[in-house]
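**Q** sequence? don't have it. structure:
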């Protein structure tokens, strides 16, 4: 198997801590890191030690004209994703852009069209779609294990403070743009990326736990015709949520985190059918009574082998390799990532925050 050559732009938490970590693993049989780019001299010196066989550069412009690059990873600041990706496409490179893809669906779609015109590949790092727990939930919904799913709750919550650049609107920060591509992507996925999927309601807040001017609380409801209602919350104000995703089905419930799940449902065939009564319930003694019974239920618990940051990253890179070398379809496309950005864009439009920086 011939490996493809990669250039990584950015040695921050993503470029170094996610992409770099995977590309160094023995299980990466698809790509070699040929170039590493970072504007920081200190980070370039670190990169020279960590990637001794790679060429370390100070600017992505130094990549232009090179013919030994099969894929460029754009792990720059979020507000540079669109302009840097545009420059790379213009110079004939296949690009893997970190999330968020961009600020608006329009600018994302413009890059998709540009990549088609230039005959290059454009990918977005929405690796959570490859995570085992998301695939499992899709199967539960499809097989109707807990009946027809009528409501879905997604919570990416914690209690804490932030004061880095990802708290700033001008740098495309905030919970919706930074964390949101994962849960909003799941929400659209659960809705089958229906054309009429839209933000029915939303709320955004900036609180003292964020140093910047973007959102550290975001809640939204997505709907589509004939689909369950999906409520998404991304909060830095919540210490007491014990699940990441919860499905309410017509005969039961499932809750899960990226590492484990629990479900409980009522098998109708194992429980005596009951017809509605047109009068009151009472005990044998004639006292008022409430509906009470001992249902036969089924419970199940399990765990997932891997998360979006290991299995998800590996499977996305494998998918990219097969797409470049064999033409295999992408499980997650740039167009899907643009739809996700469109949701976040709509929530910001519904909840304009004061710009302070």
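**A** Noted; the coordinates are in hand. Here the structure is a predicted model, which is why all the values come from computation and not from measurement.
**Q** mean confidence for the lengthiest helix in the chain?
**A** When the chain is parsed with DSSP state H, its longest helix is helix 334-350. Averaging pLDDT along helix 334-350 yields 98.
**Q** helices along this structure, start to end?
**A** Under DSSP H, the chain gives helices at 21-24, 41-50, 81-90, 105-118, 132-143, 175-178, 181-190, 313-326, 334-350.
**Q** ranking the ones you listed by burial, who's on top?
**A** Mean neighbour count (mean count of other Cβ atoms under 10 Å) peaks for helix 175-178 among the helices of the chain, with a mean of 26. For the C-beta atoms, the positions are set from N, CA and C on the backbone; glycine is no exception.
**Q** residue 70 is nearest to which of the helices of the chain?
**A** Closest approach to residue 70 among these (Cβ to Cβ): helix 313-326, 6.6 Å.
**Q** please name every helix or strand in contact with the closest one.
**A** strand 4-9, helix 21-24, strand 122-124 (3 or more Cβ pairs under 8 Å, 6 or more residues apart in numbering; DSSP states H and E).
**Q** out of these, which gets nearest to residue 73?
**A** The minimum distance between residue 73 and these falls on strand 4-9, with 4.6 Å, by Cβ to Cβ.
**Q** what's the angle between that closest one and helix 41-50?
**A** 160 degrees (axes from the mean of the first three to the mean of the last three Cα atoms, to 10 degrees).
**Q** buried residues in strand 4-9?
**A** 4-9 (16 or more other Cβ atoms under 10 Å).
**Q** pLDDT wise, what is the most centrally placed residue in the chain at?
**A** Note on the chain: the residue nearest the mean C-alpha position is residue 182, at 1.7 Å, using Cα atoms, centre = their mean. Predicted confidence (pLDDT) for residue 182: 98.
**Q** which residues does it contact?
**A** Under the criterion of Cβ atoms under 8 Å, 6 or more residues apart in numbering, the neighbours of residue 182 are 99, 126, 128, 156, 308.
**Q** same question, residue 292
**A** Contacts of residue 292 (Cβ under 8 Å, 6+ apart): none.
**Q** end-to-end on stretch 47-54?
**A** This stretch, stretch 47-54, spans 9 Å end to end (Cα to Cα, to the nearest Å).
**Q** adjust the sequence numbering to begin at 9 for everything that follows.
**A** With 9 as the first residue, the last one maps to stretch 55-62.
**Q** off-centre distance for that stretch?
**A** Here the centre of stretch 55-62 is set off from its chain's centre by 30 Å, with Cα atoms, centre = their mean, to the nearest Å.
**Q** again, but for stretch 127-140
**A** The answer for stretch 127-140 is 10 Å, by Cα atoms, centre = their mean.
**Q** quick one: buried residues of that stretch?
**A** Quick answer for stretch 127-140 (16+ other Cβ under 10 Å): 128-140.
**Q** tell me where the stretch 159-308 of the chain has strands.
**A** 206-213, 225-231, 237-243, 253-257, 260-264, 268-273, 306-311 (DSSP state E, counting those that start in this stretch).
**Q** mean confidence for the longest one?
**A** It refers to strand 206-213. Averaged across strand 206-213, the pLDDT comes to 98.
**Q** equivalent analysis for the third one, please.
**A** Strand 237-243 comes out with an average pLDDT of 98.
**Q** how far off helix 189-198 does that strand point, in degrees?
**A** If you take the same axes, to 10 degrees, strand 237-243 sits at 180 degrees to helix 189-198.
**Q** which strands and helices sit next to strand 237-243?
**A** Under the contact criterion of 3+ Cβ pairs under 8 Å, 6+ apart, strand 237-243 touches strand 157-165, helix 183-186, helix 189-198, strand 225-231.
**Q** try 7 Å this time
**A** Where contact means 3 or more Cβ pairs under 7 Å, 6 or more residues apart in numbering; DSSP states H and E, strand 237-243 is packed against strand 157-165, helix 189-198, strand 225-231.
**Q** ok, now the fourth one?
**A** Strand 253-257 is packed against helix 140-151, strand 157-165, strand 260-264, with contacts defined by 3+ Cβ pairs under 7 Å, 6+ apart.
**Q** just how off-centre is the shortest one within its chain?
**A** Going back to what we said before, that points to strand 260-264. Remark: strand 260-264 is offset 20 Å from the chain centroid, using Cα atoms, centre = their mean.
**Q** now the second one
**A** A distance of 14 Å separates the centroid of the chain from that of strand 157-165, by Cα atoms, centre = their mean.
**Q** who touches that strand?
**A** The contact list for strand 157-165, computed with Cβ atoms under 7 Å, 6 or more residues apart in numbering, reads 149, 187, 190-191, 194-195, 198, 236-243, 246, 249, 251-258.
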